[in-house]
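Peer 1: give me a model of this one.
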Amino acid sequence: MLSHENIKIIKINPEQIDLNNRDFYIPSFESLAPMAVSIQNVGILNPPLVKQTLNGLFVPVLGRRRIESLRDLGGSYMIEVKVAPPSLSDDQAFLVAFWDNLDRIRKDSGVRAYVISRLLELFPVQTLIQSVFPALNTAPIGPSLERLRKIGGLEYHILKALSCGKINEKSAVILAEMPVDQREILFELISQLALNSNKAFELISQLFDLSVYWKESISDLLGRPEVRLLLDDTGIGLTEKAALVRDLVRRWKFPEISRDRKNFDEWVKDLNPPGNVSLRPSQSFEDDSVYVEIRVRSRSHVQELADVARRLE
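Peer 2: Residues are numbered from 1 along each chain as shown. Predicted coordinates for the structure are as follows:
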C-alpha cells in the first residue's frame, strides 16, 4: 500500500498544490489560526503527503490544513512534500487519509458523517466491514448507517454547524431529506434567529412536518405575510423575534393546544394570583389539572398549605 521506501521527497511551490480537489479530503472545522502561528514560528516540520495528477498538479492526501495555513500566510517559497507513488490508487489514498485522521473522525459528528458517506461512494460495504466500521463504532447495516450517509451529503456549512453543535443530528437528518434550495432557506432562518440546537430542531421539524402535511414548500411557508412581518420588523430584538417565530409555527402545528394555551393564560390573568404563586397547565392540556407552585418565606407556612391541600383532595 504505502511505505517509506516508495515515497519520494521533493520541493515544490505551494501554488502547485490543488486545494480545490477534494478526492482525499477529510473535513476540519477548526480555525487555522493556531496552525498558522505555529508555521510562522517553526515552519512545517512534517512534510505533507501529496499525490500527483496527470496534469502535473499535486493533491493533498495528508497535511491539507498545513498547506491551507501556509497559503493564508502568503509569500513566495518552496516547501518539502512527500509524493505518494503512482501505484497508490485514489481509493487507497483516501484510506490513508482516513486512518491518519481517525481520532478526529470519531470525535466529530459532522466529519464522521462526511467520511462515511465518502467511504460508501468508494467501496462496497463488504470491504469496510472488517476494519473501517469497527474503528468508527458503526454498524455496517441498518438505519444508523443510512442516516449518516445522508447527513454526509449535506453542504459544508451545514456539516460545520453540526460539528460545532449549532444543530443536532436529528435536525441534520431532516435537512438531508429536503431539496437543496429549501434546506438552505430553512438553515438561513435558524442561523438568522441564532437558535440553539434544541430550539433549531423544534423549528426545523415542525416546519418540515407542515410542509409535508400542507403540501407547501418551506419557502412558501416562510413567505407568508405573518412570517415576513415578524422577520422584517427591525423594532423587535433578536431573542423576542425568535420566540415569536417559534410561537407562530407552533400555533400552525398545534392549533388546539395554542387555543388552550391562550385560554389558560387569560384565565390566570383574570385570576390575578399573588406574586409568590405560579400556575401551569397539565402537559399538552391533556386534562383540566393545574400545577400550583407557591413560594413561602419559611417552613412554618408549609404545614398550613399542606392542610389546605388535604381539604382539596
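
Peer 1: Pro58: what's it in contact with?
Peer 2: Heads up, residue 58 is Phe, not Pro. 12, 16-18, 50-52, 81, 83 (Cβ atoms under 8 Å, 6 or more residues apart in numbering). To be clear about C-beta, it is placed using only N, CA and C from the backbone, and glycine gets the same treatment.

Peer 1: the most centrally placed residue in the chain: which element?
Peer 2: Taking Cα atoms, centre = their mean as the criterion, Leu162 is the residue nearest the geometric centre of the chain, at 1.4 Å. Leu162 is part of helix 156-163 when elements are defined by DSSP states H and E.

Peer 1: how far off centre is that helix?
Peer 2: Distance of helix 156-163 from the chain centroid (Cα atoms, centre = their mean, to the nearest Å) equals 5 Å.

Peer 1: what secondary structure does Leu119 sit in?
Peer 2: helix (DSSP: H, G, I helix; E, B strand; the rest coil).

Peer 1: hang on, it packs against Phe98?
Peer 2: Yes. At 7.2 Å, Leu119 and Phe98 qualify as touching, with contact defined as Cβ atoms under 8 Å.

Peer 1: hmm, back to that, buried residues of the helix holding Leu162, list them for me.
Peer 2: Within helix 156-163, the residues that count as buried by 16 or more other Cβ atoms under 10 Å are 158-163.

Peer 1: can you get me a residue count around Leu122?
Peer 2: 16 (other Cβ atoms under 10 Å).

Peer 1: tell me which helix or strand the residue nearest to it when sequence neighbours are not counted sits in.
Peer 2: Nearest non-adjacent residue to Leu122, counting by Cβ to Cβ, 6 or more residues apart in numbering: Asp91, 4.5 Å away. According to DSSP H and E, Asp91 maps onto helix 90-100.

Peer 1: chain center to that helix, what's the gap?
Peer 2: That offset, for helix 90-100, works out to 25 Å (Cα atoms, centre = their mean).

Peer 1: CA atoms only for the least confident helix or strand in the chain by mean pLDDT, dumped as CSV, please.
Peer 2: For the chain, the helix or strand with the lowest mean confidence is helix 300-312, at a mean of 76 (criterion: mean pLDDT, DSSP states H and E). Provided in CSV are the C-alpha atoms of helix 300-312 (Å, rounded to 0.1, in the frame of the first residue of the first chain):
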residue,chain,number,x,y,z
SER,A,300,-43.7,27.1,59.3
HIS,A,301,-46.1,28.0,56.4
VAL,A,302,-45.7,24.7,54.7
GLN,A,303,-47.9,22.9,57.3
GLU,A,304,-50.7,25.3,56.7
LEU,A,305,-50.5,24.9,53.0
ALA,A,306,-50.4,21.1,53.4
ASP,A,307,-53.6,21.3,55.5
VAL,A,308,-55.4,23.3,52.8
ALA,A,309,-54.2,20.9,50.1
ARG,A,310,-55.6,17.9,52.0
ARG,A,311,-59.1,19.6,52.2
LEU,A,312,-59.0,19.9,48.4
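
Peer 1: what residues does it touch?
Peer 2: Contacts with helix 300-312, where a contact means Cβ under 8 Å, 6+ apart, come from 294, 296.

Peer 1: more neighbours: which of Leu119 and Phe98?
Peer 2: Taking other Cβ under 10 Å, Leu119 and Phe98 do not tie; Leu119 has more neighbours (22 against 19).

Peer 1: so what pLDDT did the more buried one get?
Peer 2: pLDDT for Leu119: 96.

Peer 1: can you check the one 3 residues further on too?
Peer 2: Residue-level confidence at Leu122 comes out at 95, pLDDT.
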